[in-house]
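Novice: structure for the following, please:
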Amino acid sequence: MLEKYFKNKKNFITYITACDPDCDTFIDIVKVLEQNGVDILEIGVPFTDPMADGPTIQRAFERVLKKKINLDMIFDTIKKIREFSNIPIVLFGYYNVFYNYNKEKLIKKFKELNIQGFLCVDLPPDEDEELIKDLKRIGVDIIYLITPTTTEERIKFIIDKASGFIYYVSLTGTTGAREKLREDLENRVKLIKNNTDLPVAVGFGISKKEHIEEISKFADGIIVGSAIIKIIEQNIDDKKKLLAELSKFIKQLTSPLRS
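Specialist: Model (predicted):
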């Protein structure tokens, strides 16, 4: 269960698009992230019509989809990662991709590859109880999003269905680095924590050390995605520089959590 990784420490969680810019480089990126203090890894499965992802992640999806990389190839890449790493992995994506994949095979892959969490952006807790039940049966945590517009009644409903940790979306709109955080962020996280013992991790728009310092005062985890993918995009033709820039960036972001 992912919840145990939050005991006595703030977790630094990163989102990266599977097999971006290619499967081999993606594996090297995972190594760099883990070596520089990433606690939990969210792996995004590319989708043609993302509704929650901003331009940076959309372009990453396009890069991967152009190479005709599918879910089987992503699972094969995760298998290679499991040869050197036991880092907790949350598979992150949109329901259509998983719906069109054989359910029994999907469950088997989660179990074989020790994928600890599942976050499906457009699968609310009211839907597909069968898939959720099967994933929970093999010990996979179901991560749900709570947003600034989620009512307290709905928060309680989501919390009752969730496990592992709660993903709080720090802003309205799509993913993407932002300069400032919402003024009501701390109060919203406190509202969630008043209703659950699950850890609460904050994501969307986080891109600076100062964001980490502020959020770590009241949240249990911090999630960074677009800012990392932007570095990949900017250095896509120079793998050595890409890995070096990522290492530098992650060290900077994790320093407030490790001091």
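
Novice: doesn't residue 202 fall inside a strand?
Specialist: Yes - under DSSP: H, G, I helix; E, B strand; the rest coil, residue 202 sits within a strand.

Novice: and the residue nearest to the spatial centre of the chain, bridged to which residues?
Specialist: The chain has residue 42 as the residue nearest its centroid, 3.3 Å off, counting by CA atoms, centre = their mean. On the basis of DSSP bridges, residue 42 is bridged to residue 15, residue 90.

Novice: and the gap between it and residue 123?
Specialist: From residue 42 across to residue 123, the span is 16 Å (CB to CB, to the nearest Å). C-beta coordinates here come from the backbone N, C-alpha and C atoms, glycine included.

Novice: also residue 170?
Specialist: When residue 170 is compared with residue 123 (using CB to CB), they lie 21 Å apart.

Novice: give me the pLDDT for the closest residue to residue 196 other than its chain neighbours.
Specialist: Residue nearest to residue 196 in three dimensions, not counting chain neighbours: residue 159, with 4.5 Å by CB to CB, 6 or more residues apart in numbering. On pLDDT, residue 159 comes in at 95.

Novice: phi and psi next, for residue 159.
Specialist: Taking degrees, to the nearest 10, you get phi -60, psi -40 for the backbone angles of residue 159.

Novice: count the neighbours of it for me.
Specialist: Residues within reach of residue 159, counting by other CB atoms under 10 Å, total 19.

Novice: mind listing what it touches?
Specialist: 166, 192, 195-196, 198 (CB atoms under 8 Å, 6 or more residues apart in numbering).

Novice: what mean pLDDT does the biggest helix by length in the chain have?
Specialist: When the chain is parsed with DSSP state H, its longest helix is helix 239-258. Mean pLDDT, helix 239-258: 94.

Novice: what does it contact?
Specialist: Against helix 239-258 from outside (CB under 8 Å, 6+ apart): 9-10, 12, 14, 25, 28-29, 32-33, 35-38, 208-209, 212-213, 216, 222, 224, 227-228, 231-232, 234-236.

Novice: again with stretch 210-226
Specialist: Stretch 210-226 is contacted by residues 6, 10-16, 39-40, 42, 44, 54, 56-57, 165, 167-168, 170, 175-177, 181, 185-186, 189-190, 199-207, 253-254, 256-257 when judged by CB under 8 Å, 6+ apart.

Novice: which stretches of the stretch 101-250 of the chain form strands?
Specialist: Along the stretch 101-250 of the chain, counting by DSSP state E, counting those that start in this stretch, strands occupy 117-120, 141-142, 145-146, 166-169, 200-203, 221-224.

Novice: of all those strands, which one comes closest to residue 89?
Specialist: Checking those against residue 89 by CB to CB gives strand 117-120 as the closest, at 7.1 Å.

Novice: the closest one - contacts with which helices or strands?
Specialist: If contacts are counted by 3 or more CB pairs under 8 Å, 6 or more residues apart in numbering; DSSP states H and E, strand 117-120 sits against strand 89-93, strand 141-142.

Novice: just the CA trace of that strand, in CSV.
Specialist: C-alpha atoms of strand 117-120 as CSV (Å, rounded to 0.1, in the frame of the first residue of the first chain):
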residue,chain,number,x,y,z
GLY,A,117,-1.3,2.5,-7.8
PHE,A,118,-3.8,3.3,-10.5
LEU,A,119,-5.1,6.8,-11.3
CYS,A,120,-7.6,7.1,-14.1
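
Novice: related to what we said a few turns ago, buried subset of the contacts of helix 239-258?
Specialist: 10, 12, 14, 25, 29, 32-33, 36, 38, 208, 212, 216, 222, 224, 227-228, 231-232, 235 (16 or more other CB atoms under 10 Å).

Novice: what count of nearby residues applies to residue 70?
Specialist: Per other CB under 10 Å, the neighbour tally for residue 70 reads 16.

Novice: distance of it from residue 107?
Specialist: Separation of residue 70 from residue 107 (CB to CB) stands at 18 Å.

Novice: all set, thanks.
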